[in-house]
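Chemist: Give me a model of this one.
(chains A, B, C and D)
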Number of protein chains: 2
Amino acid sequence: MATIYDEMGKMAMGSRLRRLAEVFTDENRAVYNQNGIPVEPRWFPVLYTLWKKTDDTRPGLTRPGLTTTEIAEWIGHSHASVSQIVKEMTKNEMLETVKSETDARCSHLSLSAKARSILPALDNQLADVEATVEQLQRESQFDLFRAITEMEYLLEKKSLVERVREQRKLRESREVAIIDYTPEYHNDFRQLNHEWITKYFRLEVSDNLALDHPDEKILHPGGHIFMAIYKGEAVGTCALIKMSDNRFELAKMAVTERAQGKNIGYLLGKHSLDKARELGATSVFLESNTKLKPAITLYHKLGFQKIVGPPSPYERANIQMEVVL
Amino acid sequence: MATIYDEMGKMAMGSRLRRLAEVFTDENRAVYNQNGIPVEPRWFPVLYTLWKKTDDTRPGLTRPGLTTTEIAEWIGHSHASVSQIVKEMTKNEMLETVKSETDARCSHLSLSAKARSILPALDNQLADVEATVEQLQRESQFDLFRAITEMEYLLEKKSLVERVREQRKLRESREVAIIDYTPEYHNDFRQLNHEWITKYFRLEVSDNLALDHPDEKILHPGGHIFMAIYKGEAVGTCALIKMSDNRFELAKMAVTERAQGKNIGYLLGKHSLDKARELGATSVFLESNTKLKPAITLYHKLGFQKIVGPPSPYERANIQMEVVL
DNA sequence: TATACTTGCGTAAGTTCTTACATAATTGCT
DNA sequence: AGCAATTATGTAAGAACTTACGCAAGTATA
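Modeler: Coordinates of the predicted model:
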């Protein structure tokens, strides 16, 4: 039988595990049959719990037994699952039920005489299976049992979804190119900034000046503008305005909504700081508004700290930040 | 949540694997949702097979497509499973069906335009998941993926049932004690031999002499008799009859049917040969009947080879064997 | 050229869980 | 005491397969 699993690789892990689970369950059932023990594999956790957690060494003593929920917690199943197993086992006369005297909702379960009569055989089988599995482990190069435990732990720590999301962000950010502004991007530069400014605030005079005349207002005085290109399209921009010989202002940073969540803001910021450093700057300044939470978070990530500087020409500016390079 | 799984250990592997499988499937579904790809995880193997095995690079060309059974073989599911998935995918307009012209039983399946339109996104997701899983592997000490492959292989080579059976035999044979004959076992010695001789043949004069007078016929001339004791009961026996100073005959070997399959014959034989060696024998001889297949197999296992010796006093003997110590 | 396998495929039901919902009984709190 | 929240449990339905079965359609063979 040819299988495509190797090619499909990691996408079909669920199927593969289920498959192996089925093999184990079937084999297990066969082992019970082989030893003539009338027990379904699915009963085992319940049976075992009742066996080990209930004192049945002194037959005369009242054995208190466990409730459905207690068993469920022990074996890590849902109570519904235990409820179903208990029903089945009761039908097979493996369990005895005694109504609780203190709490009418629950009853105490314990093994019937019939069930207890098969325990010695089960004990032997348990030993055999354990020895077999240990033998199997010794034959193996890779420890399936520990691998499962480890994987359970890793996925609990951070889910696959989250991990995939990170991986995606990483991939997409690799597909983003940060390039220098050229006049053909003038319209993109204006549009990208127009988008967010009008969404949260209103266009001010200084905005129009810079957006309409980037050459004159930003580039000629020694500044730079960068464009983020994703799939051939300008999806973000950011300007570095020269304030003095060793100080720049980071401004006009914009990422279109369609392309957010791809780390583009960070890439633009990082690129700008690198450029500023290259140009001999010792600090970079910026102005923003605390309403723009993600932006502020990004600035922090880039190393910016809140400072109090000179009054801003922008109405919307209510926070000033700086990073020392 | 307390779990008893560690204690229950190897008995509940099926459950545990199923559990982990469910986690993977659920997570996978979440990944599809996250990326806005309208695909169920269970469709993936079919989708992927159709994607990779069907030439859809030239839209004008007739794409032959695959049949249900072909897909089932590729992905290693039952055809019924594929049939169900195909039904579901067709309902979701992901598949196109073209009746086969040469064989009216089967139709050829291929991806619909809608399905093909999501392939690029799926391709990206595939890359992300693969990268994630690889990252996960790098974080792990135990390689789950290889462990599964290995376990599948090991269980295919020899099933768990078989392995458990062997383990059981081993355990039971450890519970068997081989002891020297004492007069209190006279009745057991006679009974055990009586059981098999009358089942396959008939008691001969020489039988009655040896079984009724083991002291006189076997022990006094320098021979030995051993009893196999299992759970306080004599379940097998075997005699070593002195033929000459350095040659013994292995005879009167019997294991009761109730206790067969516990390796007892081997233990008796092994013990006898050890004793013969200890007594200075250089070879051990025996007579048997080829009708007794398991016995002959056992003798071979003990090292006996067919020889042609002097005529036997027993009617039933049609094979003679010998092992050189 | 009948007749008997074999093949392809769909349906039904089973397996071993789960989640969602329903229903008492008990507890907590005012 | 009165009512809401919690707890213990059961039932139903669902998920992702499987095996069993039935029924055409095709192939082989006497």
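
Chemist: and the helix or strand where A:Trp74 lies, anywhere near DNA strand C?
Modeler: Here A:Trp74, judged by DSSP states H and E, is contained in helix A:68-75. No. Helix A:68-75 lies apart from DNA strand C when judged by C-beta under 7 Å from any atom of the strand; the minimum separation is 7.9 Å. (Each C-beta comes from the backbone N, C-alpha and C, glycine too.)

Chemist: tell me which parts of the stretch 101-250 of chain A are close to DNA strand D?
Modeler: Near DNA strand D, when you scan the stretch 101-250 of chain A using C-beta under 7 Å from any atom of the strand, you find A:Asp103, A:Arg105, A:Cys106, A:Ser107.

Chemist: at 6 Å what do you get?
Modeler: A:Arg105, A:Cys106, A:Ser107 (C-beta under 6 Å from any atom of the strand).

Chemist: And the residues you listed, which is closest to B:Val164?
Modeler: For these, the closest approach to B:Val164 (C-beta to C-beta) belongs to A:Ser107, at 35.2 Å.

Chemist: Off-centre distance for the longest strand anywhere in chain A?
Modeler: In chain A, assigned by DSSP state E, the strand with the most residues is strand A:233-244. Centroid displacement of strand A:233-244 relative to its chain, using C-alpha atoms, centre = their mean, to the nearest Å, is 33 Å.

Chemist: quick revisit: could you dump the residues of the stretch 101-250 of chain A next to DNA strand D into TSV with distance to B:Trp43 and neighbour count added?
Modeler: Listed next are those as TSV, based on distance: C-beta to C-beta, whole Å; neighbours: other C-beta atoms under 10 Å in any protein chain shown:
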residue	distance to B:Trp43	neighbour count
A:Arg105	43	8
A:Cys106	43	14
A:Ser107	44	15
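
Chemist: picking up where we left off before, quick one: mean pLDDT over the helix holding A:Trp74.
Modeler: For helix A:68-75, mean pLDDT is 88.

Chemist: Which stretches in chain A count as helices?
Modeler: Using DSSP state H, the helices of chain A run over A:5-8, A:13-34, A:44-53, A:68-75, A:79-91, A:113-139, A:144-157, A:160-174, A:186-200, A:205-212, A:214, A:264-278, A:293-302.

Chemist: follow-up on the earlier one: the helix holding A:Trp74 near DNA strand D anywhere?
Modeler: Yes. Helix A:68-75 is in contact with DNA strand D by C-beta under 6 Å from any atom of the strand, via A:Thr68, A:Thr69.

Chemist: So which bits of that helix are buried?
Modeler: Residues A:Thr68, A:Glu70, A:Ile71, A:Ala72, A:Glu73, A:Trp74, A:Ile75 are the ones in helix A:68-75 that count as buried (16 or more other C-beta atoms under 10 Å in any protein chain shown).

Chemist: same thing with stretch A:128-147?
Modeler: So, applying 16+ other C-beta under 10 Å, buried residues of stretch A:128-147: A:128-133, A:136, A:140, A:142-145, A:147.

Chemist: from those, which is closest to DNA strand C?
Modeler: Closest to DNA strand C out of these is A:Val129 (15.8 Å), distances taken as C-beta to the nearest atom of the strand.

Chemist: what stretches of chain A score poorly on pLDDT?
Modeler: Counting by pLDDT under 70, chain A contains low-confidence ranges at A:1-7, A:9, A:55-63.

Chemist: In the stretch 151-300 of chain A, what residue comes closest to DNA strand D?
Modeler: Closest point on the stretch 151-300 of chain A to DNA strand D, by C-beta to the nearest atom of the strand, is A:Leu160, at 14.1 Å.

Chemist: measure that residue to B:Gln34 for me?
Modeler: Going from A:Leu160 to B:Gln34 by C-beta to C-beta, to the nearest Å gives 10 Å.

Chemist: More neighbours: the two, which one.
Modeler: Using other C-beta atoms under 10 Å in any protein chain shown, the more surrounded residue of A:Leu160 and B:Gln34 is A:Leu160, with 22 against 15.

Chemist: In contact with that one: list those residues for me.
Modeler: By C-beta atoms under 8 Å, 6 or more residues apart in numbering or on different chains, the contact list for A:Leu160 reads B:Phe24, B:Glu27, B:Asn28, B:Ala30, B:Val31, B:Thr132.

Chemist: Can you tell me how far A:Ala30 is from DNA strand D?
Modeler: 13 Å (C-beta to the nearest atom of the strand, to the nearest Å).

Chemist: ok, so what distance separates that residue from DNA strand C?
Modeler: In terms of C-beta to the nearest atom of the strand, A:Ala30 sits 11 Å off from DNA strand C.

Chemist: these two touch, right, that residue and B:Val161?
Modeler: Yes. With contact defined as C-beta atoms under 8 Å, A:Ala30 counts as touching B:Val161 (4.4 Å).

Chemist: Which elements pack onto the longest strand of chain A?
Modeler: Identification of packing neighbours for strand A:233-244 by 3 or more C-beta pairs under 8 Å, 6 or more residues apart in numbering or on different chains; DSSP states H and E yields helix A:186-200, strand A:224-230, strand A:247-255, helix A:264-278.

Chemist: okay, the ones you listed in CSV with distance to A:Gln84 and mean neighbour count next?
Modeler: Output for those, formatted as CSV (distance: least, C-beta to C-beta, whole Å; neighbours: other C-beta atoms under 10 Å in any protein chain shown):
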stretch, distance to A:Gln84, mean neighbour count
helix A:186-200, 54, 16
strand A:224-230, 52, 22
strand A:247-255, 52, 23
helix A:264-278, 51, 19
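
Chemist: that older thread, so the longest strand of chain A versus helix A:264-278, what angle?
Modeler: Calculated by axes from the mean of the first three to the mean of the last three C-alpha atoms, to 10 degrees, strand A:233-244 forms an angle of 30 degrees with helix A:264-278.

Chemist: Need the residues that contact strand A:233-244.
Modeler: In contact with strand A:233-244 (C-beta under 8 Å, 6+ apart) are residues A:176, A:181, A:185, A:188-189, A:192-193, A:210, A:214, A:218, A:221-229, A:248-256, A:258-259, A:264-265, A:268-269, A:271-272, A:275-276, A:284-285.

Chemist: Look up the closest residue to A:Arg42, ignoring the ones flanking it.
Modeler: Leaving aside its chain neighbours, A:Arg42 sits nearest to A:Ile85 (6.1 Å; criterion: C-beta to C-beta, 6 or more residues apart in numbering or on different chains).
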